[in-house]
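Asks: Build the 3D model from these lines:
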Amino acid sequence: MGLDEDALDYHRRDPPGKVAIETTKPTSTQRDLSLAYSPGVAAPCRAIADDPADAYTYTAKGNLVGMVSNGSAVLGLGDIGAQASKPVIEGKGVLLKRFADIDVFDFELDTADPDAIVEAVSLTEPSFGGIHVEDIKAPECFEIEERLRERMDIPVYHDDQHGTAIVSGAALLNAADIVDKDLADLEVAFAGAGASAIATAEFYVSLGVPRENVTMVDSSGIVTTDRAEAGAVNDYKARFASDRPAGDLADAMAGADVFVGLAVGDLVDPEMVRSMADNPIIFAMANPDPEIGYHEAKAARDDTVIAATGRSDFPNQVNNVLCFPFMFRGALDVRAREINEEMKVAAARALAELAREDVPDAVAKAYGDEPLRYGPEYLIPKALDPRVLFEVAPAVARAAVESGVTRVDLDLDTYREDLEARLGKDREMMRIILNKAKTDPKRVALAEGTNPTTIRAAAQMVSEGIAHPILLGDRATIEGRVEDLGLDFDPEVVDPAAADTLDSYADRLYDARKRKGLTRVEAEDRVRTDTDYFGSVMVEAGDADALLTGLTHHYPSALRPPLQVIGTAADAEYAAGVYMLAFRNRVIFVADTTVNQDPGADELAEIGRHTGELARRFNVEPRAAFLSYSNFGSVDNAGTRKPRRAAETLRDDPAVDFPVDGEMQADTAVVEDIVDGTYDFAELDDPANVLIFPNLEAGNIGYKLLQRLGGADAVGPMLVGMDEPVHVLQRGDEVKDIVNLAGVAVVDAQER
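Replies: The predicted structure follows:
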């Protein structure tokens, strides 16, 4: 229920749903409107009437995909109907936009009649550059796709059939290479005979597996020629009818080189794996539970077992997002008339080849610095590998050109650069941190452990494997709220009032504060009744690796206990609050936004150093600017001299190896043409990505304006300069904010 409520909250947040329409041309003046609509719009209308191909020039058709479903076969939900399938179809559109910058209109058709679906979809051809068919049940989906491809002169693609086929096909190419087997010699057993299984089997044949080497098993057993001749299977299954005797899945797997599961979970046991040929290949792709677990398959025998699943928490995830966004990107960019077999094979081979290349450090960091080297544990690229776009889309485009299904000539030699210009280089900043946290989760004390939002965040930390949360507070209250929230997790709870460490923690607090006005009685009372003090001592004593607090009370009062107990680091005099602001094409770090009201020049310099170090934790090379209302001495007073001296101090620090400059105005810092065109002496060759504000008032105002009006995603505040990982939340932060800061705290603890 906790996950369900989070999902409902996510989808109902204003504006409801996950997609929207935005304008791509100016509409702020009367002339803009006269060009966009009447009377100016008549000119492109006449041009298109004269030459329909001009629709690609004057409208959004060339980057627009129609996403269509009737909701009759929604993954994990079944036949839920057209209306209920809309969140799924919107979500598929989001993936096209996120990974390939393709716009999507989804339309859900309230009919199970293939004739009606074909007629409705085919009539939309003037609107779209391509059609994506989704979540329509078999065997109707085969007929619908085939007929649409015949009637329409734009690409039609059914991901349920072809996505898994292409991605698992790439994995098969590499798996066969690793175990040194030829595709022409492979014996392949399929569990499942639905749309995905049949399409995958057909695709394996396209890759080189002989059709007669494929054995398909449905709920009634092996699909045999006897069953096909008796009319007991549909025409699509009959393509893979086998001459072998009737039997079950165990019979089909005996002696097979490859098992492909596209059925339901827990169909396969270790004995069935042991019955397979030497060095077997296991693709157990049922979701959420595979036909056999990854580790169970690997442990079933002593030779090389290559395993893949549909799950992200195991190696070799067969994820359709590796395929369909890039398939459409390449097809749209050459204005393809169809997506043919040559294009699908090209996509699979491009994915397979990419997995054999050296993996960039940035990709490894995005997955927690795990070793990503071609072999049994790494058959196909990771979903967040930005190179997938730049390898698969060009391969698809080239195959389309070579197979003669394109409308335009595309300079394939410069196409990769065109793709980079379209999408930028978004590095999924928080995913880098969260995946790194997963490699070595740390114990994170959550001071407000009785708060429902904190409890839900703790459950998510456990679910994602990024931390071992410790909820501080009354045990009965926490356990009751876990039950009320319907969360399926068993939290670690420490009740300060009943903790075995109460006396020792009181002693530690007393020793730290006895000459600063605190008595032993007061120390014991604070650790018993104030979880901020208890959590701070817990971290200082080494019983937890990090502390998060501040969700329900003011920032200064939440920060005071960790400052008193833990203090700043040995190389720091000051703590500071930093926000990371992620825009579409850039990321900036801004400080100080939460702690120091009116820092001096030395404080600003230290804040700049720590903020630069934090940026590098996110794999960003810092370029720091100290902000003011003055540019490099254009105004000279006490206020402008402070950031100027801070920049000089930081530049003179031998430990600082990144560019620093200031004082400068905000636009000078972030607009390349200003700093390059006017101030050629500046230390910054590129726009700054670390912005140090002159005081707390400016920093707080600045980051909130950037977040709300600039559309930035804000992560923070992240506390820098502390002796141990401590982060103070903002009042009212959401679950995702707490989880993000927990990830930052864990990575901080890992590095310490």
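
Asks: Can you get me a residue count around E648?
Replies: 16 (other CB atoms under 10 Å). Yep, even glycine has a C-beta here, placed from its N, CA and C like the rest.

Asks: Go through the helix or strand hosting it and flag the buried ones.
Replies: Assessed by DSSP states H and E, E648 sits inside helix 638-652. Within helix 638-652, the residues scored as buried using 16 or more other CB atoms under 10 Å are T640, R641, K642, P643, R644, R645, A646, A647, E648, T649, L650, R651.

Asks: Can you list the strands that whichever helix or strand comes after it pairs with?
Replies: Where DSSP H and E defines the elements, the next helix or strand beyond helix 638-652 is strand 660-664. With DSSP bridges as the test, strand 660-664 is paired with strand 624-627 (parallel).

Asks: any low-confidence regions in the stretch 501-650 of the chain?
Replies: 584 (pLDDT under 70).

Asks: any low-confidence regions in this structure?
Replies: Looking at the chain by pLDDT under 70, you get 1-2, 358, 360-362, 365-366, 368-369, 417, 420-429, 431, 584, 677.

Asks: Walk me through the domains of it.
Replies: Using automatic domain parsing, the domains assigned to the chain come out as 2-154, 162-314, 321-426, 432-565, 576-721.

Asks: A strand includes Y579, no?
Replies: Yes - counting by DSSP: H, G, I helix; E, B strand; the rest coil, Y579 is part of a strand.

Asks: Could you pick out the longest helix of the chain?
Replies: Using DSSP state H to define each element, the chain has its longest helix at helix 159-178.

Asks: And the next helix-or-strand element following that helix, what does it pack against?
Replies: Downstream of helix 159-178, the next assigned helix or strand under DSSP H and E is strand 188-191. With contacts taken as 3 or more CB pairs under 8 Å, 6 or more residues apart in numbering; DSSP states H and E, strand 188-191 sits against helix 195-207, strand 214-218, helix 249-253, strand 258-261.

Asks: quick revisit: list just the nearest of the buried residues of helix 638-652 to A308.
Replies: Nearest to A308 among the buried residues of helix 638-652 is L650, at 49.1 Å by CB to CB.

Asks: Alpha carbons only: can I get stretch 5-18 in PDB?
Replies: The C-alpha coordinates for stretch 5-18 follow below in PDB (Å, rounded to 0.1, in the frame of the first residue of the first chain):
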ATOM      1  CA  GLU A   5       0.000   5.500  -2.400                       C
ATOM      2  CA  ASP A   6       3.300   6.900  -3.500                       C
ATOM      3  CA  ALA A   7       2.400   6.100  -7.100                       C
ATOM      4  CA  LEU A   8      -1.100   7.600  -6.800                       C
ATOM      5  CA  ASP A   9       0.300  10.800  -5.300                       C
ATOM      6  CA  TYR A  10       2.900  11.000  -8.100                       C
ATOM      7  CA  HIS A  11       0.300  10.700 -10.800                       C
ATOM      8  CA  ARG A  12      -2.300  13.000  -9.300                       C
ATOM      9  CA  ARG A  13       0.100  15.800  -8.500                       C
ATOM     10  CA  ASP A  14      -0.800  18.900 -10.500                       C
ATOM     11  CA  PRO A  15      -1.000  18.700 -13.400                       C
ATOM     12  CA  PRO A  16      -2.400  15.200 -13.400                       C
ATOM     13  CA  GLY A  17      -0.700  12.500 -15.400                       C
ATOM     14  CA  LYS A  18       2.800  12.500 -16.800                       C
END
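
Asks: Which positions in it come out as buried?
Replies: Buried positions in stretch 5-18, judged by neighbour count with 16+ other CB under 10 Å: D6.

Asks: Off-centre distance for stretch 41-58?
Replies: Offset of stretch 41-58 from its chain centre (CA atoms, centre = their mean, to the nearest Å): 38 Å.

Asks: got the end-to-end distance for it?
Replies: Start-to-end span of stretch 41-58 (CA to CA, to the nearest Å) is 10 Å.

Asks: of the domains of the chain, which approaches G732 most closely?
Replies: Using CB to CB, the domains of the chain put domain 432-565 closest to G732, at 7.7 Å.

Asks: R616 - how many residues pack around it?
Replies: Neighbour count of R616, defined by other CB under 10 Å: 11.

Asks: Please disregard the earlier target; I meant C45.
Replies: Neighbours around C45, by other CB under 10 Å: 12.

Asks: Secondary structure element holding it?
Replies: Per DSSP H and E: helix 42-50 holds C45.

Asks: Equivalent analysis for L691, please.
Replies: L691 belongs to strand 690-692, assigned by DSSP H and E.

Asks: Whatever helix or strand comes next after that strand packs against which elements?
Replies: Next in sequence after strand 690-692, counting helices and strands by DSSP H and E, comes helix 696-708. If you count contacts as 3+ CB pairs under 8 Å, 6+ apart, helix 696-708 packs onto strand 576-582, strand 587-591, strand 713-720.

Asks: for those strands, which one sits closest to R227?
Replies: Proximity of those to R227 was assessed by CB to CB; the nearest stretch is strand 713-720, lying at 54.4 Å.

Asks: which parts of that closest one are buried?
Replies: Quick answer for strand 713-720 (16+ other CB under 10 Å): A714, V715, G716, P717, M718, L719, V720.

Asks: still on that earlier bit, so the helix holding E648 versus strand 660-664, what angle?
Replies: 170 degrees (axes from the mean of the first three to the mean of the last three CA atoms, to 10 degrees).

Asks: Between the helices and strands packed on strand 188-191, which one is closest to T668.
Replies: For T668, the closest of those is helix 195-207, at 54.9 Å, according to CB to CB.

Asks: Please, where are all the helices along the stretch 451-600 of the chain?
Replies: Along the stretch 451-600 of the chain, counting by DSSP state H, counting those that start in this stretch, helices occupy 452-464, 475-485, 502-513, 520-529, 531-540, 555-565.
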